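K.L.:
here's a sequence, model it:
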Amino acid sequence: MSGLAIPQGALQSYVDKWLAVQPAQRVALVFVDPAKYPGHIALAALEQELLSAAYGIREPHVALGKLNWWAEELSGAAASGGRHPLTQVLFDDGRAEAIPAECWLAPVLAAMAQLEEGTAADFPAQLAAAERLHGALAALETAWWYGPGAVPERAARVAVLSHLLHALRRLEDDAERDRLPVPMARLARFGLARTALRQHGAARDEAVKAQLADLQSSWREAARLPGPLSVFRALESREGERLLRRARGAGNPLAVLQQGGQGGFGTTFAAWRAARRWRGAGAAG
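P.N.:
Presented below is the predicted three-dimensional model:
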(Lines give C-alpha, C1' and ligand atoms only; values in the text may rest on other atoms or scores of the structure.)
Protein backbone atom coordinates (compact mmCIF):
# COMPACT_ATOMS: atom_id res chain seq x y z
CA MET A 1 0.00 0.00 0.00
CA SER A 2 1.88 3.02 -1.35
CA GLY A 3 5.12 1.26 -0.42
CA LEU A 4 4.38 1.50 3.30
CA ALA A 5 5.03 -1.43 5.62
CA ILE A 6 1.40 -1.77 6.66
CA PRO A 7 0.60 -5.00 8.56
CA GLN A 8 -0.32 -7.76 6.16
CA GLY A 9 -2.43 -10.90 6.33
CA ALA A 10 -5.78 -10.99 8.09
CA LEU A 11 -5.29 -7.47 9.48
CA GLN A 12 -4.96 -5.89 6.04
CA SER A 13 -8.65 -5.71 5.13
CA TYR A 14 -9.48 -3.88 8.37
CA VAL A 15 -6.71 -1.37 7.82
CA ASP A 16 -7.98 -0.85 4.28
CA LYS A 17 -11.49 -0.08 5.56
CA TRP A 18 -10.12 2.51 7.98
CA LEU A 19 -8.03 4.18 5.25
CA ALA A 20 -11.00 4.19 2.87
CA VAL A 21 -12.87 6.39 5.35
CA GLN A 22 -9.81 8.48 6.30
CA PRO A 23 -7.43 8.47 3.32
CA ALA A 24 -5.32 11.29 4.81
CA GLN A 25 -4.10 8.85 7.45
CA ARG A 26 -1.90 7.21 4.81
CA VAL A 27 0.32 10.25 5.33
CA ALA A 28 0.34 9.72 9.10
CA LEU A 29 1.63 6.18 8.64
CA VAL A 30 4.92 7.64 7.43
CA PHE A 31 5.41 9.01 10.96
CA VAL A 32 3.69 6.21 12.89
CA ASP A 33 5.53 3.25 11.41
CA PRO A 34 3.11 0.29 11.19
CA ALA A 35 5.98 -2.13 11.65
CA LYS A 36 6.93 -0.42 14.92
CA TYR A 37 3.45 0.54 16.13
CA PRO A 38 1.05 -2.17 14.87
CA GLY A 39 -1.19 -1.66 17.89
CA HIS A 40 -1.76 2.00 17.02
CA ILE A 41 -2.94 0.97 13.55
CA ALA A 42 -5.05 -1.88 14.94
CA LEU A 43 -6.77 0.43 17.43
CA ALA A 44 -7.69 2.89 14.66
CA ALA A 45 -9.07 -0.01 12.59
CA LEU A 46 -11.01 -1.32 15.62
CA GLU A 47 -12.55 2.11 16.11
CA GLN A 48 -13.67 2.06 12.47
CA GLU A 49 -15.21 -1.40 12.93
CA LEU A 50 -17.25 -0.19 15.90
CA LEU A 51 -18.36 2.96 14.09
CA SER A 52 -19.35 0.94 11.03
CA ALA A 53 -21.53 -1.25 13.24
CA ALA A 54 -23.04 1.73 15.07
CA TYR A 55 -23.81 3.85 12.01
CA GLY A 56 -23.34 1.79 8.86
CA ILE A 57 -25.77 -1.08 9.50
CA ARG A 58 -29.35 -0.10 8.76
CA GLU A 59 -31.04 -2.86 10.80
CA PRO A 60 -30.61 -2.23 14.56
CA HIS A 61 -30.87 -5.92 15.45
CA VAL A 62 -28.03 -6.78 13.05
CA ALA A 63 -25.88 -3.98 14.47
CA LEU A 64 -26.68 -5.14 18.00
CA GLY A 65 -25.59 -8.68 17.14
CA LYS A 66 -22.25 -7.45 15.83
CA LEU A 67 -21.68 -5.19 18.81
CA ASN A 68 -22.58 -8.01 21.21
CA TRP A 69 -19.87 -10.07 19.56
CA TRP A 70 -17.36 -7.29 20.10
CA ALA A 71 -18.42 -6.94 23.75
CA GLU A 72 -17.69 -10.63 24.32
CA GLU A 73 -14.44 -10.41 22.39
CA LEU A 74 -13.08 -7.42 24.29
CA SER A 75 -14.27 -8.79 27.64
CA GLY A 76 -12.25 -11.97 27.23
CA ALA A 77 -9.29 -10.70 25.21
CA ALA A 78 -7.06 -9.97 28.20
CA ALA A 79 -7.25 -13.63 29.25
CA SER A 80 -7.44 -15.32 25.84
CA GLY A 81 -5.41 -12.99 23.67
CA GLY A 82 -8.41 -12.52 21.40
CA ARG A 83 -9.90 -14.28 18.39
CA HIS A 84 -10.15 -11.33 16.01
CA PRO A 85 -6.99 -10.19 14.13
CA LEU A 86 -7.32 -6.66 15.54
CA THR A 87 -7.78 -7.89 19.10
CA GLN A 88 -4.83 -10.23 18.78
CA VAL A 89 -2.55 -7.38 17.72
CA LEU A 90 -3.82 -5.10 20.48
CA PHE A 91 -3.58 -7.60 23.33
CA ASP A 92 -0.18 -8.76 22.20
CA ASP A 93 0.99 -5.29 23.25
CA GLY A 94 1.79 -4.67 26.91
CA ARG A 95 -0.08 -1.37 27.00
CA ALA A 96 -3.40 -3.22 26.60
CA GLU A 97 -3.06 -4.61 30.14
CA ALA A 98 -2.48 -1.14 31.57
CA ILE A 99 -5.87 0.04 30.29
CA PRO A 100 -8.82 -0.87 32.57
CA ALA A 101 -11.25 -3.44 31.21
CA GLU A 102 -14.14 -0.98 31.43
CA CYS A 103 -12.28 1.38 29.10
CA TRP A 104 -12.23 -1.32 26.41
CA LEU A 105 -15.92 -2.09 26.85
CA ALA A 106 -17.22 1.48 27.14
CA PRO A 107 -17.31 2.26 23.38
CA VAL A 108 -19.19 -0.96 22.61
CA LEU A 109 -21.77 -0.35 25.34
CA ALA A 110 -22.20 3.25 24.20
CA ALA A 111 -22.65 2.11 20.60
CA MET A 112 -25.38 -0.31 21.68
CA ALA A 113 -27.16 2.36 23.73
CA GLN A 114 -27.44 4.79 20.83
CA LEU A 115 -28.58 2.39 18.11
CA GLU A 116 -32.20 3.55 18.05
CA GLU A 117 -31.72 7.20 18.94
CA GLY A 118 -33.57 9.66 16.76
CA THR A 119 -32.63 13.11 15.53
CA ALA A 120 -31.35 15.47 18.22
CA ALA A 121 -33.49 18.45 19.17
CA ASP A 122 -30.74 21.04 18.78
CA PHE A 123 -26.97 21.34 18.39
CA PRO A 124 -26.06 21.06 22.11
CA ALA A 125 -28.21 17.91 22.34
CA GLN A 126 -26.46 16.58 19.25
CA LEU A 127 -23.06 17.11 20.90
CA ALA A 128 -24.20 15.39 24.08
CA ALA A 129 -25.64 12.40 22.22
CA ALA A 130 -22.46 11.86 20.18
CA GLU A 131 -20.23 12.34 23.23
CA ARG A 132 -21.15 8.99 24.76
CA LEU A 133 -19.75 6.85 21.95
CA HIS A 134 -17.07 9.14 20.58
CA GLY A 135 -15.94 10.24 24.02
CA ALA A 136 -15.48 6.59 25.01
CA LEU A 137 -13.47 5.92 21.86
CA ALA A 138 -11.33 8.98 22.52
CA ALA A 139 -10.69 7.92 26.12
CA LEU A 140 -9.50 4.49 24.96
CA GLU A 141 -7.35 6.01 22.23
CA THR A 142 -5.78 8.59 24.55
CA ALA A 143 -4.96 5.92 27.13
CA TRP A 144 -3.34 3.79 24.44
CA TRP A 145 -1.19 6.57 23.00
CA TYR A 146 -0.32 8.46 26.20
CA GLY A 147 -1.05 6.14 29.13
CA PRO A 148 -4.13 5.67 31.34
CA GLY A 149 -3.47 8.90 33.25
CA ALA A 150 -3.75 11.15 30.20
CA VAL A 151 -6.71 13.54 30.02
CA PRO A 152 -9.04 12.71 27.07
CA GLU A 153 -11.19 15.85 27.20
CA ARG A 154 -9.90 17.55 24.06
CA ALA A 155 -9.71 14.30 22.12
CA ALA A 156 -13.32 13.51 23.03
CA ARG A 157 -14.63 16.84 21.77
CA VAL A 158 -12.60 16.63 18.56
CA ALA A 159 -13.88 13.09 17.99
CA VAL A 160 -17.47 14.27 18.37
CA LEU A 161 -17.01 17.19 15.98
CA SER A 162 -15.26 15.05 13.38
CA HIS A 163 -18.12 12.58 13.54
CA LEU A 164 -20.77 15.28 13.14
CA LEU A 165 -18.92 16.72 10.14
CA HIS A 166 -18.67 13.26 8.57
CA ALA A 167 -22.38 12.69 9.22
CA LEU A 168 -23.21 16.00 7.53
CA ARG A 169 -21.30 14.89 4.43
CA ARG A 170 -23.75 11.97 4.21
CA LEU A 171 -26.84 14.17 4.49
CA GLU A 172 -28.37 13.09 1.17
CA ASP A 173 -27.72 9.37 1.75
CA ASP A 174 -29.14 9.46 5.28
CA ALA A 175 -32.16 11.68 4.64
CA GLU A 176 -34.58 8.82 5.36
CA ARG A 177 -32.92 7.54 8.52
CA ASP A 178 -34.36 8.10 11.98
CA ARG A 179 -31.28 10.04 13.06
CA LEU A 180 -30.57 12.98 10.78
CA PRO A 181 -27.23 14.83 10.80
CA VAL A 182 -29.02 18.18 11.16
CA PRO A 183 -30.94 18.86 14.42
CA MET A 184 -34.71 19.26 14.44
CA ALA A 185 -34.56 22.92 15.49
CA ARG A 186 -32.38 23.71 12.46
CA LEU A 187 -34.69 21.86 10.08
CA ALA A 188 -37.64 23.80 11.49
CA ARG A 189 -35.83 27.14 11.28
CA PHE A 190 -35.20 26.71 7.55
CA GLY A 191 -38.49 24.95 6.80
CA LEU A 192 -36.80 21.77 5.58
CA ALA A 193 -38.67 18.51 5.12
CA ARG A 194 -36.80 15.23 4.70
CA THR A 195 -37.40 15.23 0.96
CA ALA A 196 -35.69 18.62 0.64
CA LEU A 197 -32.49 17.25 2.18
CA ARG A 198 -31.85 15.22 -0.97
CA GLN A 199 -32.02 18.20 -3.31
CA HIS A 200 -29.78 21.22 -3.68
CA GLY A 201 -31.64 24.36 -2.71
CA ALA A 202 -31.22 27.66 -0.89
CA ALA A 203 -32.84 26.46 2.34
CA ARG A 204 -30.67 23.36 2.47
CA ASP A 205 -27.53 25.42 1.80
CA GLU A 206 -28.39 27.79 4.65
CA ALA A 207 -29.10 24.92 7.04
CA VAL A 208 -25.80 23.22 6.18
CA LYS A 209 -23.90 26.49 6.61
CA ALA A 210 -25.56 27.08 9.99
CA GLN A 211 -24.51 23.60 11.06
CA LEU A 212 -20.98 24.27 9.84
CA ALA A 213 -20.88 27.56 11.78
CA ASP A 214 -21.72 25.76 15.02
CA LEU A 215 -19.14 23.07 14.29
CA GLN A 216 -16.47 25.67 13.56
CA SER A 217 -17.20 27.55 16.77
CA SER A 218 -17.04 24.30 18.76
CA TRP A 219 -13.75 23.37 17.10
CA ARG A 220 -12.23 26.65 18.26
CA GLU A 221 -13.44 25.93 21.79
CA ALA A 222 -12.01 22.39 21.60
CA ALA A 223 -8.53 23.79 20.99
CA ARG A 224 -8.62 25.29 24.50
CA LEU A 225 -9.56 22.02 26.24
CA PRO A 226 -6.92 20.02 28.11
CA GLY A 227 -5.39 16.79 26.93
CA PRO A 228 -3.28 15.49 24.01
CA LEU A 229 -4.38 14.19 20.63
CA SER A 230 -3.12 11.06 18.95
CA VAL A 231 -1.39 11.62 15.63
CA PHE A 232 -4.40 10.19 13.81
CA ARG A 233 -6.88 12.32 15.77
CA ALA A 234 -4.81 15.48 15.27
CA LEU A 235 -4.64 14.92 11.52
CA GLU A 236 -8.34 14.09 11.31
CA SER A 237 -9.12 17.30 13.18
CA ARG A 238 -6.90 19.42 10.98
CA GLU A 239 -8.34 18.01 7.76
CA GLY A 240 -11.89 18.39 9.09
CA GLU A 241 -11.41 22.04 9.98
CA ARG A 242 -9.91 22.80 6.56
CA LEU A 243 -12.79 21.11 4.78
CA LEU A 244 -15.30 22.91 6.98
CA ARG A 245 -13.83 26.32 6.14
CA ARG A 246 -13.90 25.59 2.41
CA ALA A 247 -17.51 24.43 2.58
CA ARG A 248 -18.71 27.47 4.54
CA GLY A 249 -17.51 29.76 1.76
CA ALA A 250 -18.99 27.74 -1.09
CA GLY A 251 -22.24 28.26 -2.96
CA ASN A 252 -23.06 24.58 -2.55
CA PRO A 253 -21.48 23.66 0.79
CA LEU A 254 -22.65 20.04 0.76
CA ALA A 255 -21.00 19.40 -2.61
CA VAL A 256 -17.70 20.67 -1.20
CA LEU A 257 -18.08 18.44 1.86
CA GLN A 258 -18.74 15.45 -0.36
CA GLN A 259 -15.57 16.13 -2.37
CA GLY A 260 -13.50 15.71 0.77
CA GLY A 261 -10.04 16.98 1.63
CA GLN A 262 -7.36 18.05 -0.81
CA GLY A 263 -4.24 16.75 0.96
CA GLY A 264 -0.91 18.15 -0.22
CA PHE A 265 2.20 19.32 1.58
CA GLY A 266 0.18 20.90 4.36
CA THR A 267 -1.24 17.51 5.31
CA THR A 268 2.22 15.98 5.42
CA PHE A 269 3.55 18.83 7.55
CA ALA A 270 0.58 18.55 9.92
CA ALA A 271 1.20 14.82 10.35
CA TRP A 272 4.90 15.42 11.03
CA ARG A 273 4.08 18.11 13.60
CA ALA A 274 1.49 15.90 15.33
CA ALA A 275 3.99 13.05 15.51
CA ARG A 276 6.59 15.40 16.95
CA ARG A 277 4.19 16.52 19.69
CA TRP A 278 3.32 12.90 20.46
CA ARG A 279 6.96 11.89 20.87
CA GLY A 280 7.75 15.08 22.74
CA ALA A 281 5.02 14.29 25.28
CA GLY A 282 6.96 11.20 26.36
CA ALA A 283 4.11 9.00 25.12
CA ALA A 284 3.98 5.31 25.93
CA GLY A 285 5.40 3.31 23.03
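
K.L.:
going forward, measure contacts between C-alpha atoms and count neighbours the same way
P.N.:
Noted.

K.L.:
leaving out chain neighbours, which residue sits closest to Glu131?
P.N.:
Val160 (5.9 Å; C-alpha to C-alpha, 6 or more residues apart in numbering).

K.L.:
pLDDT weak spots in the stretch 1-150 of the chain?
P.N.:
Low-confidence segments of the stretch 1-150 of the chain (pLDDT under 70): 1-9.

K.L.:
show me where it has helices.
P.N.:
12-21, 25-28, 38-51, 60-80, 85-90, 95-98, 101-113, 123-146 (DSSP state H, counting those that start in this stretch).

K.L.:
so which of those helices gets nearest Glu153?
P.N.:
Glu153 lies closest to helix 123-146 among the helices of the stretch 1-150 of the chain, at 8.0 Å (C-alpha to C-alpha).

K.L.:
relative to the whole chain's centre, how far out is that closest one?
P.N.:
Taking C-alpha atoms, centre = their mean, to the nearest Å, the mean C-alpha location of helix 123-146 is offset from the chain mean by 9 Å.

K.L.:
report the inter-axis angle for it versus helix 38-51.
P.N.:
160 degrees (axes from the mean of the first three to the mean of the last three C-alpha atoms, to 10 degrees).

K.L.:
just the buried residues of helix 123-146, please?
P.N.:
123, 126-127, 129-146 (16 or more other C-alpha atoms under 10 Å).

K.L.:
for it, name the packing helices and strands.
P.N.:
Helices and strands touching helix 123-146, by 3 or more C-alpha pairs under 8 Å, 6 or more residues apart in numbering; DSSP states H and E, are helix 38-51, helix 101-113, helix 153-169.

K.L.:
now these in a markdown table, with mean neighbour count and distance to Glu206?
P.N.:
Formatted as a markdown table, the helices and strands packed on helix 123-146 follow (neighbours: other C-alpha atoms under 10 Å; distance: least, C-alpha to C-alpha, whole Å):
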| stretch | mean neighbour count | distance to Glu206 |
| --- | --- | --- |
| helix 38-51 | 21 | 28 |
| helix 101-113 | 19 | 31 |
| helix 153-169 | 22 | 13 |
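
K.L.:
export these to CSV and tack on distance to Arg177?
P.N.:
Below are the helices and strands packed on helix 123-146 laid out as CSV (distance: least, C-alpha to C-alpha, whole Å):
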stretch, distance to Arg177
helix 38-51, 16
helix 101-113, 17
helix 153-169, 12
